[in-house]
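> sequence and predicted structure are below.
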Amino acid sequence: MPFQRYTAEVLESINGVLAPYVGPLMARTAASAHCRDLGIAGGAMSREQVEALLGRLELGLAIFLGRDRTAMVVGSMRRAIEDLREAA
Amino acid sequence: MTRRSPATVPFVLAIAVPVAVFLGRMLSETGLLWVGALSKVLFLAVGSLYAWRNARRFEAGNPARLGWLLLGAGLTGFTLAQASICAYQLFRGVAVPFPSVGDVFFLIGYPLLIAALFAFLRSYAAAGFPIGPARERWLLAGALVVVCTLIGIPILRPIVTTPAPALAKALNVAYPILDFVLLIPTVLLLRVTFRFRGGMVWKTWIALLGGFLFSFGADTLFAYLSALGEARFQNLIDVLYILAFGLIARGVFYQHELLSS
């Protein structure tokens, strides 16, 4: 069965990890804006879409947090998304 | 991540104690001179040291690295300038001549700090976070230029019209102009920073930019009152400088904690 996660739950997981660093407002708007730019509009996300979104966030975060801390933060996001239930 | 940094209390005390000493006039004039001079140079040295360390922590190719390098260099210029003022005030026991070697370091430091803030602005715009359209920043910059010109003219007028040696007058004009130029990226970055409120990035930048705002206030007040020959508010100016350099040091150290913890 291919990897599928509900978009809303992915965004919620990302917000939870990102907010302590960039604040709740920026965490919410950043992930949503990247989704829009990447054309992620459906109710579920494939692994490729999740990785594309994380890649975008990683590029931006590295400017504020440096490469090492960013890798740690993005790793936490990836683990949180992995733990989400499979989308039907 | 949201817990209080262990450095917060020492920084708050290091800023609050000299401020209280000045506001309460708890020491003699000589005592105040020592507290003011040493706290300013110490904060600048800490800010400069950790800005360099932050630059080293950002990998080559990271757009933020240039901003931290320039900030480190600019704060080093200010540290040397303030140290030279300390040497005159505390160890030679003479009034600081104007111009002095300190002005050379200040004049090196200012363009570096201005370049640093513009470099940060550029790198943060490139980060891909929704910080608002570039057009909005250009409009704000244009509005700031107009406001700075309107405020700057009455501040500069007494400086220009007061008789003084040419070099001293040129410096007295240059400093407020440099402050106004520095104010533009400071306000633009503040606009961006408000979108990050509540996070660690916000803490770094609100402290750092708050420091630059206090520095602008202190410099402007100093230039204006000096031109009028008014010396009554020297303690207030010292308080503003302590707040300015203390907040800059705190902001730089927040970033260090963010990169290394």
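Nice, I can see it. Residues are numbered from 1 along each chain as shown, chains lettered A, B, ... in the order given.

> which parts of chain A sit against chain B?
With Cβ under 8 Å from any Cβ of the partner chain as the criterion, chain A meets chain B at residues A:19-27, A:29-30, A:33-34, A:56, A:59-69. In short, each C-beta sits where N, CA and C put it, glycine included.

> how far out from the middle of the chain is the helix or strand hosting residue B:252?
Assessed by DSSP states H and E, residue B:252 sits inside helix B:234-260. Relative to the centre of its chain, helix B:234-260 is centred 8 Å away, using Cα atoms, centre = their mean, to the nearest Å.

> just stretch B:191-207 next, same as before
17 Å.

> could you do stretch B:56-72 as well?
So, by Cα atoms, centre = their mean, the centroid of stretch B:56-72 is 19 Å from its chain's centroid.

> got the phi and psi for residue B:77?
When quoted as degrees, to the nearest 10, the phi and psi of residue B:77 stand at phi -60, psi -50.

> contacts only, for the closest residue to it other than its chain neighbours.
Excluding the flanking residues, the one nearest residue B:77 by Cβ to Cβ, 6 or more residues apart in numbering or on different chains is residue B:109, at 2.8 Å. For residue B:109, the contact set (Cβ atoms under 8 Å, 6 or more residues apart in numbering or on different chains) comprises B:73-78, B:81.

> what about the helix or strand hosting residue B:54, average pLDDT?
Assigned by DSSP H and E, residue B:54 falls within helix B:29-57. Confidence over helix B:29-57 (mean pLDDT, whole number) is 94.

> is that helix positioned near chain A?
Yes. Using Cβ under 8 Å from any Cβ, helix B:29-57 reaches chain A at residue B:57.

> report the rounded mean pLDDT for the longest helix anywhere in chain A.
In chain A, taking DSSP state H as the definition, the longest helix is helix A:47-82. In this model, helix A:47-82 has a mean pLDDT of 94.

> and it, which residues are buried?
A:49-50, A:52-54, A:56-58, A:60-67, A:69-70, A:73-74, A:77-78, A:80-81 (16 or more other Cβ atoms under 10 Å in any protein chain shown).

> chain center to that helix, what's the gap?
7 Å.

> how about stretch A:43-61?
Remark: stretch A:43-61 is offset 5 Å from the chain centroid, using Cα atoms, centre = their mean.

> likewise stretch B:44-59?
In this view, stretch B:44-59 has its centroid 15 Å away from the chain centroid, taken as Cα atoms, centre = their mean.

> next one: stretch A:34-49
10 Å.

> do the same with stretch B:102-111
For stretch B:102-111, the distance to the chain centre is 12 Å (Cα atoms, centre = their mean).

> surely residue B:164 is in a helix?
No. Residue B:164 is assigned coil when assessed by DSSP: H, G, I helix; E, B strand; the rest coil, not a helix.

> element containing the residue nearest to it when sequence neighbours are not counted?
Among residues not flanking residue B:164 along the chain, residue B:172 sits closest, at 7.0 Å (Cβ to Cβ, 6+ apart). If you go by DSSP H and E, residue B:172 is part of helix B:166-193.

> mind listing what's buried in that helix?
Those would be B:169, B:171-173, B:175-176, B:178-190, B:192-193, for helix B:166-193 by 16+ other Cβ under 10 Å.

> again, but for stretch B:31-46
Buried-residue list, stretch B:31-46, by 16+ other Cβ under 10 Å: B:32-33, B:35-37, B:39-46.

> what of stretch B:224-231?
Within stretch B:224-231, the residues scored as buried using 16+ other Cβ under 10 Å are B:224-227.

> ok, these vs chain A, which is closest?
Lowest distance from chain A to the buried residues of stretch B:224-231 (Cβ to the nearest Cβ) belongs to residue B:224, with 36.7 Å.

> how much space is there between the closest one and residue B:235?
Note on residue B:224: its distance to residue B:235, by Cβ to Cβ, to the nearest Å, is 16 Å.

> what's the answer for residue A:24, then?
The value you get for residue A:24 to residue B:235, if Cβ to Cβ is used, is 40 Å.

> picking up where we left off before, tell me what the helix holding residue B:252 is packed against?
Packing contacts for helix B:234-260, counted by 3 or more Cβ pairs under 8 Å, 6 or more residues apart in numbering or on different chains; DSSP states H and E, involve helix A:47-82, helix B:8-23, helix B:29-57, helix B:63-86, helix B:200-227.

> just how off-centre is the helix or strand just after the fourth one within its chain?
Scanning forward in sequence from helix B:63-86, with DSSP H and E defining helices and strands, the next element found is helix B:101-125. Centroid separation for helix B:101-125 versus its chain: 10 Å, with Cα atoms, centre = their mean.

> can you give me the buried ones in helix B:101-125?
So for helix B:101-125, counting by 16+ other Cβ under 10 Å, buried means B:101-103, B:105-121, B:123-125.

> with that, I have no additional questions.
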